[in-house]
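Asker: Sequence plus the predicted model coming up.
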Amino acid sequence: MRKHWTSSLRNAAGRMSILVLTIVLGSTLVLAIMVLMGSGHAGVAYADPIDPPEGYPKLRLSVKTVAPTLADTGGAVLTYTIEIRNTGAYTATNATLTDLIPEGTVYNHDAQATAPPSPIVANGTLRWEGEVGFDATVVVSFSVTVSDTLVGTVRNTAVISDPLISSAVTVTAETVVTDRPILTIEKTALPLEPGANGPLTYTIVVANQGQPAVSLAITVTDQVPSNTVLRSIGSDGSANPEGDVVTWARPITLNLDETAIFTFTVDVGDVPSGTVIANTHYSVASEETGVTAGQPYTITIVDPEFLLSKQVWPDPPGSNREMTYTLSLLNAGALATNLVITDRVPAGVVYRRGGSEAEGLVSWALASLDTGESVDLTFTVYVSDVMDIPIVNSDYGVCCREEVCKSGKVITSVVQGPNLSVFAEVDPIAHKPGGGTGTEVTPFLVVRNLGPGNALDAQATLFFDRISVSAVDLYAIPSIGTPPPFPDGPDCGDKCVSYVWEGDLGYGEAITFTTHEGQSTIGGEEGTP
């Protein structure tokens with residue numbers, strides 16, 4: 001092997017050099033061009049800085065936290081932490097953070113940042129200006145001391161901006177300063193889609209957002225809504241003689257964010273769909289916390305809402321075989337009870353199974369179908385020996401005790417017959433001219449039903465030209481239909497024999513005709529098929 005290399009170096013305007021390296025390996029020539037960056041010094045290369053990806057800074061995932069979130073009165077120290085998070089594809093080169101020191105607090109002169117410069121606090125406002133790299137975070141923190149006399153919520157808001165973002169980002173943290181429990185009250189109801197003449201259960205949640213409540217005696221009251229009748233009350237509750245106000249009186253022990261639950265159930269009246277059930281008067285009271293009223297709570301009465309569809313399998317259906325209808329029923333409305341689903345067997349088919357059938361009507365009964373629940377129902381019929389005939393299924397639907405009914409859309413299926421394919425080969429496919437011993441071949445004739453229909457009383461005529469196939473050697477795999485030896489078929493010439501097979505061939509099935517041993521050929525010159 002012969003090796004040879006040369007190089008030439010050229011300086012371009014004192015900034016760029018091009019090195020051309022030629023390598024000869026045998027008869028192969030490899031040419032490489034290298035671009036070297038420099039500052040007027042030939043042969044000295046410098047790496048370029050990596051540019052950030054194209055795009056803009058994204059600061060909207062920045063967060064602010066405070067510790068603690070619940071404090072006693074008397075001069076608590078609150079520590080704030082602001083994380084300026086840049087999740088964008090570009091550096092925020094002029095990011096700015098401004099934070100107004102909360103009223104009722106005193107700044108402790110301890111602000112710091114994880115990236116330069118240091119924060120500046122002047123005239124009650126903290127300010128930091130600097131750079132936040134792409135996919136990077138800068139953390140700014142400081143603390144304040146709460147006034148001895150302050151009771152309530154200390155709310156602190158920071159604003160983060162940059163010239164390259166569309167709008168400033170605001171982050172807030174809150175601390176509750178108190179020596180007492182703070183009770184809140186909220187309400188939910190189930191089901192989410194209530195129906196007329198059905199039950200509706202209210203759940204009242206009393207939570208503590210303040211200092212621990214220890215054996216605090218509370219009273220919870222709730223007015224039974226209009227268009228409903230009280231059915232039952234949960235643990236330790238009671239109702240007034242008129243049955244329109246429920247009350248619970250119990251001591252509670254709740255730490256921060258812990259809850260107590262109160263429930264009662266009403267029966268909705270016979271009201272139309274769309275009626276709004278309003279519950280506006282409920283509260284929790286204690287000597288220590290006073291009375292806290294809940295926000296008005298409303299829920300809308302709806303009817304059951306049925307979505308009914310149907311599918312058929314196989315699609316398209318095939319002749320001489322079964323087809324199955326599947327009805328899919330979904331309830332998108334209120335609880336439905338005592339449902340009856342019906343479907344009439346279409347003309348041109350025979351009912352086989354599924355559901356309960358009487359005089360051509362197939363039916364199913366369901367005790368209930370709740371909101372969001374669905375069910376699939378099936379029945380099977382048999383298609384006779386027809387093809388290209390439409391089967392129309394148009395009479396099916398559902399009704400419930402709530403007097404809501406839904407009919408299904410018409411579904412039409414056209415029956416398809418069998419689809420037969422044939423294949424033939426001999427083994428071997430070529431041999432020397434002539435016939436007799438030493439020139440045996442084995443035939444393989446295949447008939448396959450691709451469906452979708454079943455082929456009943458199918459007939460295959462097998463021709464063997466210049467192959468001396470005897471009836472005793474010919475057989476079928478699988479052994480269905482006409483048993484061997486097969487009867488002779490039509491006359492096909494002096495060097496040809498034929499046989500006939502009859503039988504049923506279901507969709508997806510195949511039958512192969514072959515011989516037990518190789519068969520002699522009958523004469524033939526060079527090139528004779």
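Answerer: Here it is on my side, so go on.

Asker: which residues in the chain form helices?
Answerer: In the chain, no helices are defined using DSSP state H.

Asker: where are the low-confidence patches of it?
Answerer: Where the chain drops to pLDDT under 70, the residues are 1-54, 434-439.

Asker: Select the longest strand from it.
Answerer: strand 436-449 (DSSP state E).

Asker: Could you check how far the spatially closest residue to residue 154 that is not a sequence neighbour is from residue 153?
Answerer: For residue 154, ignoring the flanking residues on the chain, the nearest one in space by C-beta to C-beta, 6 or more residues apart in numbering is residue 175 at 4.6 Å. (Glycine included, C-beta is placed from N, CA and C.) Residue 175 sits 7 Å away from residue 153, going by C-beta to C-beta, to the nearest Å.

Asker: One more: residue 413?
Answerer: Taken as C-beta to C-beta, the span from residue 413 to residue 153 is 67 Å.

Asker: Those two: who's more crowded?
Answerer: residue 413 (20 against 13; other C-beta atoms under 10 Å).

Asker: Return the residues in contact with the more buried one.
Answerer: By C-beta atoms under 8 Å, 6 or more residues apart in numbering, the contact list for residue 413 reads 312, 315-317, 323, 390-391, 393.

Asker: One more pass at 7 Å, please.
Answerer: Residues near residue 413 by C-beta atoms under 7 Å, 6 or more residues apart in numbering: 312, 315-317, 391.

Asker: again with residue 452
Answerer: With contact set as C-beta under 7 Å, 6+ apart, residue 452 has these partners: 314, 316-318, 416, 507.

Asker: Please apply the same query to residue 87.
Answerer: Counting by C-beta under 7 Å, 6+ apart, residue 87 has contacts 58, 61, 135.

Asker: Hmm, the second one is touching residue 83, no?
Answerer: No: applying C-beta atoms under 7 Å as the test, residue 61 and residue 83 come out as separate, 8.8 Å apart.

Asker: what about these two, which has more around it?
Answerer: residue 83 (17 against 14).

Asker: The more buried one contacts residue 140, doesn't it?
Answerer: No: using C-beta under 7 Å, residue 83 makes no contact with residue 140, being 8.3 Å away.

Asker: Report the buried residues of the longest strand of the chain.
Answerer: 439-443, 445, 447-449 (16 or more other C-beta atoms under 10 Å).

Asker: Of the residues you listed, just say which sits nearest to residue 404.
Answerer: Sorting the buried residues of strand 436-449 by how near they are to residue 404, with C-beta to C-beta, puts residue 449 at the top with 46.2 Å.

Asker: ok, now how distant is residue 235 from residue 464?
Answerer: Applying C-beta to C-beta to residue 235 and residue 464 gives a distance of 91 Å.

Asker: neighbour-wise, which of the two wins?
Answerer: Set side by side, residue 235 and residue 464 show more neighbours around residue 464, with 23 against 9, by other C-beta under 10 Å.

Asker: Neighbours of the residue nearest to the more buried one when sequence neighbours are not counted, how many?
Answerer: If the residues on either side of it in the chain are set aside, residue 464 comes closest to residue 497, at 5.1 Å by C-beta to C-beta, 6+ apart. Residue 497: 21 surrounding residues under other C-beta under 10 Å.

Asker: Would you agree residue 497 is in contact with residue 471?
Answerer: No: using C-beta under 7 Å, residue 497 is not in contact with residue 471, being 8.4 Å away.

Asker: Run through the residues that contact the nearest residue to residue 160 once chain neighbours are set aside.
Answerer: Distances taken as C-beta to C-beta, 6+ apart place residue 169 nearest to residue 160, at 4.4 Å, with adjacent residues excluded. Counting by C-beta under 7 Å, 6+ apart, residue 169 makes contact with 59-60, 62, 160.

Asker: separation between residue 169 and residue 132?
Answerer: In terms of C-beta to C-beta, residue 169 sits 12 Å off from residue 132.

Asker: surely residue 277 meets residue 225?
Answerer: Yes: the pair residue 277 / residue 225 is scored as a contact, 5.0 Å apart, by C-beta under 7 Å.
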